[in-house]
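K.L.:
Model the structure of this input:
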Amino acid sequence: MTWQQAQAEVTDALSPLLADPDPVRAADAVHRRAADLAMPHRTLRAHTARLTLTDEAAARRTARQLTRTGTDAAAVGVGMALLVRLGEPEDVPCLKALGMLHGLADAASAALDPLDRQAAALLYIRHRDRRGELAPLTDAIATGDAEAVRSALLSLPDEDRALWLARRIAEAADLHGLLRARPQDAELLALTGRLLHRMADQLESRPDILDYRPARAVYEALVRHADRLPPTPEHRALLLSVALDLHSGPAVLLDWRPGRRLALLDALDGLLPAAAQEPVPGDREADWFRRNRHLPFARAGDGDRPRWEVVVVHRSPDSSAVETRILIDGVPLVPALFGKGRGHPPEYLIDSGRLRAAPEPREVQLCEAYCTEGCCGALYVTIRRDGDEVVWDGWRGAVGPPPPPYRFDAAAYDAELARAERDHSWCWPARSTARLVAAGLRDRPDLTSRWEVAVSWVATDWRDPDTTVVQLRFTPSAPPPGTGGSLYFTWRLPDDDSPPGDRAAAALRRLETDDPKAFAVFDGGDTELAEALGYRTAPPAPRT
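P.N.:
Coordinates of the predicted model:
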């Protein structure tokens, strides 16, 4: 059954019942029909939330009857799905109680969200925090003691694992209220910056910053009192990260008053020290600051920003994540139109020439969902040159109404793209090595074809940004009888402090004489082919 067919089935089954003015009779009927539908409860709730209701008051009465007296999880879930839209403050106690029952926490949290954000966040955290890492925080929140909540917040580890629920943490702890009471608390301000930056990350889904109601006020409070932060390398990197989010990240999409976002950027520019003029070997954070210091502020005094703009952002000195942000009239395209992942890296969009406009239309994937296109889709646009204009249209995969065609002055478009192609300030040594190796392999395909391997990808290690990684795919022209498919080999090139050009040249020279299957690490592939050729996957490294 397709999604559309399921929606039609739920509509036919439930819509007439929800218009019944008698909630007891309607609830009894919903119990029977929900069981007959035999859908997963989550699917049933999703379709119920999308129903067109002819009598909202009647549907609300039935929803309350279901949540208060229901005896079946499917029917109770229908009631909670209706209360996402129809709930009122009197429904909060019942929803909080239902959220404690197995299988109902997500539905209860969704229904509580419009009514009581703190209660919804607490429920969400308790349901998701299976390792109990946030238990000290939720216990402190339950006491109502603001000082205990502050202490528990400040005890959170400074790592993504602890902050992956950043918005829910901020809502449950009433971060905005804590800041109002302690506006010059340096430790609280630093934590605020970390939480905001994590909320603005778009790795997995819609950025949480867009659903954090006090986001603008919290940004204002942070920047207003950021001079209270000690001038440490960590704090300057944090403030620069916040500035990058305000300049070209999802935070741009918040409902800012005219001029306020730019005023915050100006204030941050004035707070941050000048960048070092030369690379800072051995200090990843300092070199990241040097390379990115100009980025959110470079155009502040240059008059109008270009209508079509490319911004390449390396989000964190400890990460290999680099994204290409396309801005149209200053608005970041991917979070505005898709919101299920980051823009593709510059190697894919810029180095490859994919963004160049030609008379022949070219479809380009700007972003793929973090869980792959086959699961949650991807965002595509068709790029073509039409006289003295470049046209972006033929959108595929956008969330919401189809975007309009965009037309850009071709000369300005070409100039902006040429600038982006020349600007490698986002690169650190290992990433530069990766780009040079990739370019060399594109220019000399014989280096790999002679060994019957092809390049899968070249980048930096996700967990170790200072290591260049080359993954190769081996597809033998004469496989052993009864086998087929491909094998994969990973070649790691740790940074040895030599210039990237020298390291890349040495890697390419090695491929002239040495078969990479002899020195790269076998990394999986077709099991029968691997066994026939004698390859075994290396055991996993011990966890530290």
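
K.L.:
helices or strands up against the helix or strand bottoming out on mean pLDDT in the chain?
P.N.:
Least confident helix or strand, the chain: helix 160-163 with a mean of 74, by mean pLDDT, DSSP states H and E. Under the contact definition 3 or more C-beta pairs under 8 Å, 6 or more residues apart in numbering; DSSP states H and E, helix 160-163 sits against helix 186-199. For every residue, glycine as well, the C-beta is placed using N, CA and C.

K.L.:
So which bits of the helix it packs on are buried?
P.N.:
Along helix 186-199, these residues count as buried under the neighbour rule (16 or more other C-beta atoms under 10 Å): 188-199.

K.L.:
cool, and stretch 285-297?
P.N.:
By neighbour count, and taking 16+ other C-beta under 10 Å as the criterion, the buried residues in stretch 285-297 are 286-293, 295-297.

K.L.:
Need the contact partners of that stretch.
P.N.:
Counting by C-beta atoms under 8 Å, 6 or more residues apart in numbering, stretch 285-297 makes contact with 233-234, 236-237, 240, 243-244, 246-248, 265-266, 268-269, 272, 274-276, 279-281, 311, 313-314, 316-317, 425-428, all of which sit outside it.

K.L.:
For the buried residues of helix 186-199, please prepare a markdown table with the additional fields pLDDT and distance to L355.
P.N.:
Formatted as a markdown table, these follow (pLDDT from 0 to 100; distance: C-beta to C-beta, whole Å):
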| residue | pLDDT | distance to L355 |
| --- | --- | --- |
| L188 | 98 | 42 |
| L189 | 98 | 39 |
| A190 | 97 | 37 |
| L191 | 97 | 38 |
| T192 | 98 | 36 |
| G193 | 97 | 32 |
| R194 | 96 | 33 |
| L195 | 97 | 34 |
| L196 | 98 | 30 |
| H197 | 96 | 27 |
| R198 | 94 | 29 |
| M199 | 95 | 29 |
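
K.L.:
Please identify which of the residues you listed is nearest to E512.
P.N.:
H197 (44.5 Å; C-beta to C-beta).

K.L.:
Now that closest one: closest residue in space that isn't a chain neighbour?
P.N.:
Beyond its immediate neighbours in the sequence, the residue positioned closest to H197 (C-beta to C-beta, 6 or more residues apart in numbering) is S241, lying 4.9 Å away.

K.L.:
returning to that earlier point: model confidence over the helix or strand following the least confident helix or strand of the chain, on average?
P.N.:
Under the assignment DSSP states H and E, the closest C-terminal helix or strand after helix 160-163 is helix 166-172. Taken as a whole, helix 166-172 has a mean pLDDT of 97.

K.L.:
For burial, what's the neighbour tally of the residue nearest to H197?
P.N.:
Counted by other C-beta atoms under 10 Å, the residues lying close to S241 total 25.

K.L.:
now what about the stretch of helix or strand it belongs to, what contacts it?
P.N.:
Using DSSP H and E, S241 maps to helix 233-248. Contacts made with helix 233-248 from outside it, assessed by C-beta under 8 Å, 6+ apart, are listed as 190, 193-194, 196-197, 200, 209, 219, 222-223, 226, 229, 251-252, 261, 264-265, 268-269, 271-273, 285-286, 288-289, 292-293, 295-297, 311, 313, 315-317, 325, 327, 332.

K.L.:
So which of those sit within strands?
P.N.:
Secondary structure from DSSP state E places 311, 313, 325, 327, 332 of those in strands.

K.L.:
Run through the stretch 151-300 of the chain and note the low-pLDDT ranges.
P.N.:
Low-confidence segments of the stretch 151-300 of the chain, defined by pLDDT under 70, are located at 299-300.

K.L.:
which residue ranges form the strands in this structure?
P.N.:
Taking DSSP E as the criterion, the chain contains strands spanning 308-314, 322-328, 331-332, 362-368, 378-386, 389-396, 406-409, 453-460, 467-474, 487-494, 521-525.

K.L.:
Let me know which of these is the nearest to A19.
P.N.:
strand 389-396 (37.3 Å).

K.L.:
Give the pairing partners of the closest one; include direction for each.
P.N.:
Neighbouring strands of strand 389-396 in its sheet, by DSSP bridges, are strand 378-386 (antiparallel), strand 406-409 (antiparallel).

K.L.:
pLDDT at G77, what is it?
P.N.:
With respect to pLDDT, G77 has a value of 96.

K.L.:
residue contacts, it?
P.N.:
G77 sits next to 34, 41, 44-45, 48, 104, 107 when contact means C-beta under 8 Å, 6+ apart.

K.L.:
change it to 6 Å
P.N.:
Contacts of G77 were listed using C-beta atoms under 6 Å, 6 or more residues apart in numbering, and they are 41, 45, 107.

K.L.:
One more: A200?
P.N.:
Taking C-beta under 6 Å, 6+ apart as the definition of contact, the neighbours of A200 are 207, 209, 245, 249-251.

K.L.:
quick revisit: which of the contacts of stretch 285-297 are buried?
P.N.:
Among these, the ones that count as buried (16+ other C-beta under 10 Å) are 236-237, 240, 243-244, 246-248, 265, 268-269, 272, 275, 311, 313-314, 316-317, 426-428.

K.L.:
Could you tell me how many residues sit around R435?
P.N.:
By the measure other C-beta under 10 Å, the count of residues near R435 is 21.

K.L.:
wait, isn't V469 in contact with D461?
P.N.:
Yes: proximity of V469 to D461 meets the contact threshold set by C-beta atoms under 6 Å, at 5.1 Å.

K.L.:
what does stretch 385-398 rub up against?
P.N.:
337, 357-359, 377-384, 402-403, 405-408, 410, 413.

K.L.:
Tell me how far the spatially closest residue to H41 that is not a sequence neighbour lies from F519.
P.N.:
Spatially, and ignoring its direct neighbours in sequence, H41 is nearest to G77 (4.9 Å; C-beta to C-beta, 6+ apart). The spacing between G77 and F519, counted by C-beta to C-beta, to the nearest Å, is 56 Å.

K.L.:
ok so, going back, tabulate the contacts of A200 (TSV), appending distance to A8 and neighbour count.
P.N.:
Putting those into TSV (distance: C-beta to C-beta, whole Å; neighbours: other C-beta atoms under 10 Å) gives the following:
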residue	distance to A8	neighbour count
P207	32	23
I209	35	27
D245	41	24
G249	39	28
P250	34	23
A251	39	28
